[in-house]
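In: With the input below, show me the fold.
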Amino acid sequence: PAGGPRATAQDLLRRMRVDRDAATADGPVWSPVATGFASVPSPALPEGTTGGLGGPVLTVRTAEEFAAAVAAEGPAVVLVEGTIVFAPGTMTDVSAHTSILGVGAGAEIVGGGIRLLHVSNVIIRNLTFRDSYVAGDWDGKFDDNDNDGIRVDTSDHVWIDHCEFARLGDGQVDIRKDSREVTLSWSVLRDHNKTLGVGWTDNLVTTLTIHHVRFSNVHQRNGSIDQVRIGHAYNVWLAGASSYGMASRGATQLLIEHSVFESVRNPIGLSSPESRVAQNGNLREGCWGKWEDNGIDVDPADHYDYALDPVDAVRDLLTAHAGPRTRRELVPRTLHVAQDGSGDMLSVHAAIGAAWRSPHPVEIVVHPGVYREVLTVWPGCDSLVIRGASGDPADVTLTYDKPATDWATVTVLAGAVTLAALTLENAYDEAAHGDRPAFPLRSVDDSLTLQDVVLIGGPHEISDPRA
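Out: Next up is the predicted model:
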């Protein structure tokens, strides 16, 4: 068509009903064409990643329609309208030369995820992937739980843009097995253990850009960048990470620029003697642990154009624009957590994240069960109340099994928090593992209130892990 891929892509933005006017120093918030490494051309894709441009435009509203449309051979643009609910744990395969685009606000994939296996040229935009979480499996280790939001295996030219990932089964976004020319941009990853895993290979071919991405209330793989030939992260906001932030692993060369790290344990680290990372203009607040820079000898600017937004503007930009169109998170004043599905959420971890981002005070009511999770009440989540629903601490157990050198089961970094009618357990076997202390609870000061709380496995330590 006249005007080429850019003009055709502009028409798709109109069909998606997104904001075509908002812009930053790096260009349009809703770019009509791929950015970062996904934009890099190849002999087969001289325009870089274009997805299904030139193919039929298909609108889908059900799981059956979605699965058939994304699996069809040949270029196709698949428009997702509304909420599509999949059987729990369903992973749907996507063919090459496909665009999957949410229409307007509220386009969602619920209960399932998508898989890219040995395919090229795929675009995924303006979608929420949520709630494939398996109750009780915060670690993502159950035999029947290999549910990711998006899994990319041995594929190239993939652009994931303006998506949101919340409360999923295993990984939120996995980029694996020699995938390359991949960009994750303007997306939100939240309330999860394992967010962004990259690697699963001994080869060094992956190229990856992560820009304008927000991580909130997460644990590990934020991301875990393993065996990446050139990795580039810029204008990222990582807030609340209890294990580690960005880790350069294997022979990765990773450049991190103008990104904000807020309340993150080990915000930037190296995991192998050959790992490399370089920093430019990053900001850290309330972080502790690794903050490393040993230099790199590659430059993403040799492969694509980009411009850095000021680091002081990152939080406002991502609050306003990251995630799907007109993204809103509405949090009630009382959140019920129940593993049988009768509450608002299945995990305490997810409820804490929602409470932290809420503009108003929240009480979390936890219904009977054993919740194996690592929990942190982040700075700013003052006056949070977490209480067992029955009033009997024997009915609700929050447990994990790590020594104090790693983390406590529950860590409270906010003030005036109340824990009530709960059992807090650290099941780490101190005697069997070198007698390292293991805390069920750690708090930063004595403003924490405990009401009918049972501590098992060690004392309650008052100390600041950020010191």
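
In: Ala355 belongs to a strand?
Out: No. Assigned with DSSP: H, G, I helix; E, B strand; the rest coil, Ala355 falls outside any strand and is helix.

In: Got phi/psi on the residue lying closest to it once chain neighbours are set aside?
Out: Take Ala355 and drop its neighbours on the chain: the residue closest to it by Cβ to Cβ, 6 or more residues apart in numbering is Val362, 3.8 Å away. Where you see a C-beta, it was placed from the backbone N, CA and C, and this is true even at glycine. With angles defined as degrees, to the nearest 10, Val362 sits at phi -130, psi 140.

In: From Ala421, how far off is Val362?
Out: 17 Å (Cβ to Cβ, to the nearest Å).

In: which residue packs closest to the most centrally placed residue in the chain, ignoring adjacent ones?
Out: Most central in the chain under Cα atoms, centre = their mean is Leu189, positioned 2.6 Å from the mean C-alpha point. Distances taken as Cβ to Cβ, 6+ apart put Thr195 closest to Leu189, at 4.4 Å, once the chain neighbours are dropped.

In: Assign the one you found to helix, strand or coil.
Out: strand.

In: is it true that it touches Val218?
Out: Yes. Counting by Cβ atoms under 8 Å, Thr195 does reach Val218; the two are 5.0 Å apart.

In: shared neighbours of these two, anything?
Out: Shared contacts of Thr195 and Val218 (Cβ atoms under 8 Å, 6 or more residues apart in numbering): Leu189.

In: Check whether Val33 really touches Leu45, as I assumed.
Out: No. Using Cβ under 8 Å, Val33 is not in contact with Leu45; the gap is 12.0 Å.

In: Just the strands from the stretch 51-200 of the chain, written as ranges.
Out: Ranges of strands in the stretch 51-200 of the chain, per DSSP state E, counting those that start in this stretch, are 57-60, 76-80, 83-93, 98-102, 108-117, 120-125, 128-130, 150-153, 156-161, 164-166, 171-176, 180-185, 188-199.

In: Format those strands as a markdown table; extra columns: distance to Val454.
Out: Shown next, in a markdown table, are the strands of the stretch 51-200 of the chain (distance: least, Cβ to Cβ, whole Å):
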| stretch | distance to Val454 |
| --- | --- |
| strand 57-60 | 50 |
| strand 76-80 | 47 |
| strand 83-93 | 33 |
| strand 98-102 | 46 |
| strand 108-117 | 35 |
| strand 120-125 | 46 |
| strand 128-130 | 33 |
| strand 150-153 | 40 |
| strand 156-161 | 44 |
| strand 164-166 | 31 |
| strand 171-176 | 33 |
| strand 180-185 | 42 |
| strand 188-199 | 25 |
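
In: between the ones you listed, which gets nearest to Ile230?
Out: Of all the strands of the stretch 51-200 of the chain, strand 180-185 sits nearest to Ile230, with 9.6 Å by Cβ to Cβ.

In: Which element, helix or strand, includes Arg387?
Out: Assigned by DSSP states H and E, Arg387 falls within strand 385-388.

In: got a list of contacts for that strand?
Out: 348, 352, 362-366, 368, 377, 395-396, 417-422, 451.

In: List buried residues within those residues.
Out: For these, burial is judged from neighbour counts taken by 16 or more other Cβ atoms under 10 Å, and it is met by 348, 352, 362-366, 377, 395-396, 417-422.

In: Among those, which are located in helices?
Out: Among those, the ones falling in helices (DSSP state H) are Val348, Ile352.

In: now, which of the buried ones among the contacts of strand 385-388 sits nearest Glu262?
Out: So of those, ranked by how close each gets to Glu262 (Cβ to Cβ), first place is Val377, at 14.7 Å.

In: Please work out how many residues are found near Gly388.
Out: 24 (other Cβ atoms under 10 Å).

In: repeat for Glu430
Out: Count around Glu430 with other Cβ under 10 Å applied: 15.

In: who's in contact with it?
Out: So Glu430 contacts Pro403, Arg436, Pro437, Ala438, Gly458 (Cβ under 8 Å, 6+ apart).
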